[in-house]
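Visitor: below are the sequence and a predicted model; questions follow.
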Amino acid sequence: MYSAIAANKRNTVIIITLFVALIGGLAWLFGEASGNGSSAILIILFAGGYALFQYYAASSIALSMSGAHQIQKRDNPRLWNIVENLAISQGMPMPKVYIINDPAPNAFATGRNPEKAVVAATTGLLEIMDDNELEGVMAHELGHVKNYDIRVSMIVFGLISAIGILADFAIRMAWYSGMSRNRDSGQLGMILILVGVVGWIIAALIGPLVSAAVSRQREYLADASGAEMTRYPDGLASALKKLGDYGRPMQRANSAMAHMYINDPIKPGLVERAFSTHPPIPKRIERLKKIGTSF
């Protein structure tokens, strides 16, 4: 299990490094087109700043988008006690606990570090899971927090969004350049269109693939971490099977935060898609069964 965790972390670093290299390449092209090499530095700083903003604002945005409401122990002692016991066993601060009024079974975690952690579960999840299964799901979510998965995914999401903004900016500049009859301006416009198209391809096609790949690796890692916390992989495996059987789109699902849930909240039955943020449930169960033999 520990070798799998190390491999997942290594693969995620490689994927993000390659993605950052793409941003650097796009910044260089933009600098060449504008004739001002220093603009490349400004572009990279903008992309980093936008990612940083996403990093700090992500939790509040996610909770608002999902319609989650915070609870205390008296509101749902069963969920609260399971989360509290897991946090104590890992020496983690007690995260804030939220419930989403939605019949679709699902859960997610957010927070840039364990001190700012939040875990949320839908009413549908609470209805269909027994205690062992619910503990497995919450352990999976706390695994995301413990492994700083949300920090990584929010940075990737911020970088993808930044590239989309830069591509739109380049195309708008190209349009204004095209209005000029100056030959040099016309050539600059053509180059800016090329930069904008390349940026759009990265933001609309390559970016989501990178984000999905990072998320899939992190889902496997959180499964392994959750199994380590509970010492009972079968609980999470059984919960995943139920998620696959009972999976349905969430009422307030949003593609921007699909990677945060334990199961795809938009099209849970099509997890084999290239752009899916989640690996296929049967593969996750298979890995958990193998992990179970090591305890």
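Guide: Cool, the structure landed.
Visitor: in stretch 102-112, what's buried?
Guide: Within stretch 102-112, the residues that qualify as buried are 102, 104, 105, 106, 107, 108, 109, 110, 111, 112, counting by 16 or more other CB atoms under 10 Å. Yep, even glycine has a C-beta here, placed from its N, CA and C like the rest.
Visitor: out of these, who's nearest residue 41?
Guide: Taking CB to CB as the measure, residue 41 sits nearest to residue 112 out of the buried residues of stretch 102-112, at 26.2 Å.
Visitor: pretty sure the closest one sits in a strand.
Guide: No: when classified by DSSP: H, G, I helix; E, B strand; the rest coil, residue 112 is found to be coil rather than part of a strand.
Visitor: sorry, back to before: among the buried residues of stretch 102-112, which are in strands?
Guide: Restricting the buried residues of stretch 102-112 to those inside strands, with DSSP state E as the criterion, leaves 107, 108, 109, 110.
Visitor: returning to what we had before: wait, which of the buried residues of stretch 102-112 is closest to residue 63?
Guide: Closest approach between these and residue 63, by CB to CB: residue 110, at 7.2 Å.
Visitor: tell me the spacing between that closest one and residue 77.
Guide: Using CB to CB, to the nearest Å, we find residue 110 at a distance of 23 Å from residue 77.
Visitor: quick one, phi/psi of the residue lying closest to residue 148 once chain neighbours are set aside?
Guide: Using CB to CB, 6 or more residues apart in numbering and skipping residues adjacent in sequence, the residue nearest residue 148 is residue 113, 7.0 Å away. The phi/psi pair for residue 113 (degrees, to the nearest 10) reads phi -160, psi 170.
Visitor: doesn't residue 58 lie inside a helix?
Guide: Yes: in this structure, residue 58 lies within a helix as judged by three-state DSSP.
Visitor: gap between the two ends of stretch 72-83?
Guide: Taking CA to CA, to the nearest Å as the measure, stretch 72-83 stretches 12 Å from start to finish.
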